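Novice: here are the coordinates; sequence isn't available:
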């Protein structure tokens, strides 16, 4: 999977994703932090109620919450999240990688 991205200076990048089995979640317009993503994963039945409660109880920071969510999703066989982006993407699919190694960012030559 891949996407094009242009930064604020006009530099074009290609972003390649190595995500094979993402969990499809619903975007309610509030997918901003670990708790919101974990709740969406629970609603999509990608994590159990027990796993969700463990994320909430173990979350000392947003980054710790993301780590707990990543671990739960990977344990359940998922390697990312995908959702129809109703806010920024106006209906396009957006991907959330679980590990930085799943992304490859390639700087394009400007024409």
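Specialist: In hand now; what should we look at? Bear in mind that the values here come from a model prediction, so they are computed numbers and not experimental data.

Novice: Can you name every helix or strand that the helix or strand containing residue 57 contacts?
Specialist: Per DSSP states H and E, residue 57 falls inside helix 49-58. When contacts are defined as 3 or more CB pairs under 8 Å, 6 or more residues apart in numbering; DSSP states H and E, helix 49-58 packs onto helix 34-43, helix 62-75. Where you see a C-beta, it was placed from the backbone N, CA and C, and this is true even at glycine.

Novice: Would you mind finding the most buried of these?
Specialist: Mean neighbour count (mean count of other CB atoms under 10 Å) peaks for helix 34-43 among these, with a mean of 19.

Novice: which residues does the most centrally placed residue in the chain bridge with?
Specialist: Centroid check for the chain by CA atoms, centre = their mean gives residue 96 as the closest residue, at 1.9 Å. On the basis of DSSP bridges, residue 96 is bridged to residue 81.

Novice: So it versus residue 8, what's the distance?
Specialist: To residue 8, residue 96 is 22 Å away according to CB to CB, to the nearest Å.

Novice: Could you do residue 88 as well?
Specialist: Distance check for residue 88 against residue 8: by CB to CB, it reads 15 Å.

Novice: The two: who's more crowded?
Specialist: Here residue 88 and residue 8 are compared on neighbour count by other CB atoms under 10 Å; more neighbours surround residue 88, at 8 against 5.

Novice: how about the nearest residue to the more buried one once chain neighbours are set aside, what does it touch?
Specialist: Leaving aside its chain neighbours, residue 88 sits nearest to residue 94 (7.6 Å; criterion: CB to CB, 6 or more residues apart in numbering). By CB atoms under 8 Å, 6 or more residues apart in numbering, the residues touching residue 94 are 27, 82, 83, 84, 85, 88.

Novice: One more: residue 37?
Specialist: 25, 31, 66, 69, 81, 96.

Novice: Spatially nearest residue to the fourth one, not counting backbone neighbours?
Specialist: Of all residues not flanking residue 69 in the chain, residue 38 sits nearest, at 4.9 Å (CB to CB, 6+ apart).
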